[in-house]
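Asks: heads up, no residue letters with this:
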DNA sequence: GTGCTGGCTTGACCGAAATCAGGGCTTCGG
DNA sequence: CCGAAGCCCTGATTTCGGTCAAGCCAGCAC
């Protein structure tokens, strides 16, 4: 199982060597040969919080793998009302295939590192490798599942349930490690209060009030505004409104 | 361009001959040979309003093409609160590939006709024909776009804007023919008031009030509770909250 | 130091939509 | 014919979350 031993097929590019996208992300679909050709077209970027990745109604020239950090996908009404329609975590693929213009904005919520490739390179690879398209398809299906879950939260949950659901979602995405229902789980919120409110269809005041209430009730602790400790995940779950996802 | 002339490749199955799914739907991905083999496994159904197509948390044994009618996709909280997370029109493909259990319910909103195939047949065909998977991928991307559009409506629009947005969406989907911003457009609502409220995150009372208000303001006319005439689409658009989709 | 800015919290008040309630209409089946 | 059920409309009242306003605190420029 050593790498780069095959004389004819090229060794795996240095950059990709330890890249998470090669394992769980979409690049895992490519064989070493393809990966080498593909890697020639890629560039790495670091983007600070607030930096724009994709502009609404702008033509899209490149796609990216998200290597670290959190990206928020937003839509804005002309009078400024904003809704976050999705969050992306590593090793998600960023971009809307088969459409020149994006209908949404993508913005760095935290510090973000990207591996970007020109639009054409991805489309060429996708034609060449059905497995690549297959992985993108699967990720899109997961995004659709997430989107529909969020719809229930937006349309039918109360403010306390919304905030609890958000914390649960973030806890599950940000916390790498054992997920025990009873052991304390902690993580840093990747969003400000205002952003959380744009995610949940609330105001920052309401989000703030619900967080203090959760704190007062001993469900969570908060340090430095951002660092959250959930003592009992199951108590948090109870506040999310009846279970939707059956398991 | 006559069909079924080639002696070796089979003629197109009779059932599929005039089927919309063969043109704009996913079956267009298959060549006549594949279509014949595939058609052997299909069955047609008619389902009356309220009939269940896919149950939450039930294993899925078949996928379908929606040939006519409207299907609503719903999610329900344990206390009964419900959210419609999507509507499907012909010739949409119904079902969640790559997952044994559906996380949502699918139910006929109107009378519905389906062309169903066993799970295994679709998955076999998908492996055989990347073009089939490609079409499913594209449909899924469109569903994701729709879902995110609906999220803005759910999270950030007022009740009047929600109802106007719903009418606009239905008008665009149900009205086959020329879309003029100024010519009267009419269509039948595929949902009851209660269902519209589950779609928009409102109550049926609020939906009813907003509809009467639109009627009082001369934006729409309603006959027999279900048949809607929009005299000026542009006036309706003005009531949807600032444009999201840039065009 | 001072002043400014931006994110967060808290309180007082208000209003949009939910809830509660009643009544009309149509479609059933007896 | 009648009554029951479902869907829809409308009015009165309540309430949850939004709006407005003030203050705190950390970071930062000067």
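Replies: It's in. Keep in mind that what you see is a predicted model, and the values were worked out from it rather than measured.
Asks: can you tell me how far the spatially most central residue of chain A is from residue B:146?
Replies: With distances taken as CA atoms, centre = their mean, residue A:88 lies nearest the centre of chain A, 1.3 Å away. From residue A:88 across to residue B:146, the span is 19 Å (CB to CB, to the nearest Å). Using the backbone N, CA and C atoms, a C-beta is placed for each residue, glycine as well.
Asks: partner residues bridging residue A:54?
Replies: For residue A:54, the beta-bridge partners are residue A:106 (DSSP bridges).
Asks: just the pLDDT at it, thanks.
Replies: Looking at residue A:54, its pLDDT reads 80.
Asks: do residue A:174 as well
Replies: On the pLDDT scale, residue A:174 gets 86.
Asks: what's the answer for residue A:245, then?
Replies: So residue A:245 comes in at 50 (pLDDT).
Asks: same question for residue A:61.
Replies: Looking at residue A:61, its pLDDT is 71.
Asks: without its sequence neighbours, what residue ends up closest to it?
Replies: Once flanking residues are discounted, residue A:61 sits nearest to residue A:119: 5.4 Å by CB to CB, 6 or more residues apart in numbering or on different chains.
Asks: quick one: average pLDDT of stretch A:117-136?
Replies: On average, stretch A:117-136 scores 93.
Asks: who in chain A is up against DNA strand D?
Replies: A:158-160, A:201-203, A:205-206 (CB under 7 Å from any atom of the strand).
Asks: ok, and of these, which contact DNA strand C?
Replies: Near DNA strand C, by the rule CB under 7 Å from any atom of the strand, you find residue A:205 out of the residues of chain A next to DNA strand D.
Asks: what helix or strand does the closest residue to residue A:158 other than its chain neighbours sit in?
Replies: Residue nearest to residue A:158 in three dimensions, not counting chain neighbours: residue A:241, with 7.3 Å by CB to CB, 6+ apart. Per DSSP states H and E: residue A:241 is located in neither a helix nor a strand.
Asks: show me what contacts residue A:241?
Replies: By CB atoms under 8 Å, 6 or more residues apart in numbering or on different chains, the contact list for residue A:241 reads A:156-158, A:161, A:165, B:77, B:79, B:81.
Asks: that older thread, from the residues of chain A next to DNA strand D, list the buried ones, please.
Replies: A:159-160, A:201-202, A:206 (16 or more other CB atoms under 10 Å in any protein chain shown).
Asks: would TSV of those residues with pLDDT and secondary structure be doable?
Replies: Putting these into TSV (pLDDT from 0 to 100; DSSP: H, G, I helix; E, B strand; the rest coil) gives the following:
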residue	pLDDT	secondary structure
A:159	98	helix
A:160	98	helix
A:201	98	coil
A:202	98	coil
A:206	98	helix
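Asks: tell me which two of those residues sit farthest apart.
Replies: Greatest spacing in those, by CB to CB: A:160 and A:201 (13.7 Å).
Asks: which helix in chain A has the most residues?
Replies: helix A:130-156 (DSSP state H).
Asks: packing partners of it?
Replies: Packing partners of helix A:130-156 (3 or more CB pairs under 8 Å, 6 or more residues apart in numbering or on different chains; DSSP states H and E): strand A:82-89, helix A:119-128, helix A:159-174, strand B:70-76, strand B:82-89, helix B:130-156.
Asks: buried stuff in it?
Replies: Under the neighbour-count criterion of 16+ other CB under 10 Å, helix A:130-156 has A:130-141, A:143-156 buried.
Asks: could you check the angle it makes with helix B:159-174?
Replies: Helix A:130-156 and helix B:159-174 are oriented at 140 degrees to each other (axes from the mean of the first three to the mean of the last three CA atoms, to 10 degrees).
Asks: how does chain A divide into domains?
Replies: Following automatic domain parsing, chain A resolves into domains at A:14-143, A:157-238.
Asks: check whether the first one comes near DNA strand C.
Replies: If I follow you right, that is domain A:14-143. No. Under the criterion of CB under 7 Å from any atom of the strand, domain A:14-143 makes no contact with DNA strand C; the nearest approach is 8.0 Å.
Asks: low-confidence ranges in chain A?
Replies: Along chain A, the parts satisfying pLDDT under 70 run over A:1-10, A:56-58, A:176-182, A:244-247.
Asks: and if we set it to 50?
Replies: In the predicted model, chain A carries pLDDT under 50 at residues A:1-7, A:246-247.
Asks: name the nearest residue to residue A:215, sequence neighbours excluded.
Replies: Residue A:215's closest residue in space is residue A:222 (CB to CB, 6+ apart), at 5.9 Å.
Asks: residues touching that neighbour, list them.
Replies: Residues near residue A:222 by CB under 8 Å, 6+ apart: A:211, A:215, A:228-229.
Asks: same question for residue A:221.
Replies: Contacts for residue A:221 (CB under 8 Å, 6+ apart) come out as A:215, A:228-229, A:231.
Asks: circling back: relative to DNA strand C, how far out is the residue nearest to residue A:158?
Replies: Residue A:241 sits at a distance of 13 Å from DNA strand C (criterion: CB to the nearest atom of the strand, to the nearest Å).
Asks: tell me the one of the residues of chain A next to DNA strand D nearest DNA strand C?
Replies: Distance to DNA strand C across these (CB to the nearest atom of the strand) is lowest for residue A:205, with 4.2 Å.
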